[in-house]
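> structural data only, the sequence is not supplied:
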């Protein structure tokens, strides 16, 4: 008799938990007034939107972190290799980035503040013609970004945002160019049929000239397509382009492939590779990363 009561109680509790979970999943966030939430009045767990990250592809997300919540996005390790044999040269560059991090905090329901820190870099440049090897290592630059979502944060088939940013010259060992630079990023997200998602980004950067005599514009555009593969495993393919207005600059183009895996609603693993399709781009850039919301 006691076993029957215990079994009945367990079954009732299980059904109650499942019912609560189903009810939470059915919440239409477009009908919830989330404007009341802020950095110091965080969004309740039941009203959180699905976690969206600005990685692992290069196309930034159009969605912000919910108010009062934090999100860490990082390459655990990233390696890039480039070999340049044009014009009689023979230069090889191998670079490692260890745990560069993007730390985000939701200020309100449609704005988040981001701090991107290049934690540790190690770069080896070998000039086989000159017979020289240069090694650089240390802390990189710090970039501050503010993302403002204009629509689609909590529902709809499209979402759009603007993200102005400023880079501060904090790098060691001449890794950076010792200049303040900035720009603005405009990401658009679109839900496509058959479970596909598309991200489009255009970006305008203001970059210091190599001769340090002034600044020039750089135009970045990218498009990415993503789809679930199986369960919590997803994949994406992306095309990335960077065109500089500086005299003599060459077009940079890459094709990027990657996978994402959601361990939980708040933790995501990823891995990918960016492949250069123009001479001025790095030949190959594999990486693995992690994103965590709390």
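It's in. Bear in mind that the values here come from a model prediction, so they are computed numbers and not experimental data. Numbers count the residues shown, from 1 in each chain.
> ok, for residue 66, nearest residue in space, not its chain neighbours?
Residue nearest to residue 66 in three dimensions, not counting chain neighbours: residue 43, with 4.1 Å by CB to CB, 6 or more residues apart in numbering. Yep, even glycine has a C-beta here, placed from its N, CA and C like the rest.
> got the contact list for that neighbour?
Residues near residue 43 by CB atoms under 8 Å, 6 or more residues apart in numbering: 34, 37, 66-69, 106, 109.
> can you put the residues you listed in JSON lines and add neighbour count and distance to residue 241?
As requested, the contacts of residue 43 are arranged in JSON lines below (neighbours: other CB atoms under 10 Å; distance: CB to CB, whole Å):
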{"residue": "34", "neighbour count": "19", "distance to residue 241": "36"}
{"residue": "37", "neighbour count": "19", "distance to residue 241": "37"}
{"residue": "66", "neighbour count": "26", "distance to residue 241": "32"}
{"residue": "67", "neighbour count": "24", "distance to residue 241": "34"}
{"residue": "68", "neighbour count": "18", "distance to residue 241": "36"}
{"residue": "69", "neighbour count": "21", "distance to residue 241": "33"}
{"residue": "106", "neighbour count": "25", "distance to residue 241": "31"}
{"residue": "109", "neighbour count": "24", "distance to residue 241": "33"}
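> and these, which two are furthest apart?
Spatial extent of those (CB to CB) is set by the pair 34 and 69 at 12.0 Å.
> list the contacts of residue 181.
Taking CB under 8 Å, 6+ apart, one finds 166-167, 205-208, 215 in contact with residue 181.
> switch the cut-off to 10 Å
141, 143, 165-169, 205-208, 215, 218 (CB atoms under 10 Å, 6 or more residues apart in numbering).
> residue 277 now?
Residue 277 neighbours (CB under 10 Å, 6+ apart): 239-241, 251-255, 283.
> one more: residue 59?
Residue 59 is in contact with 185, 187-189, 198-201, 203, 220-226, 236, 238-240, 256, counting by CB under 10 Å, 6+ apart.
> did I read that right, it in a helix?
No: per DSSP: H, G, I helix; E, B strand; the rest coil, residue 59 lies outside any helix segment and is coil.
> give me the pLDDT for it.
Residue 59 is assigned a predicted lDDT (pLDDT) of 98.
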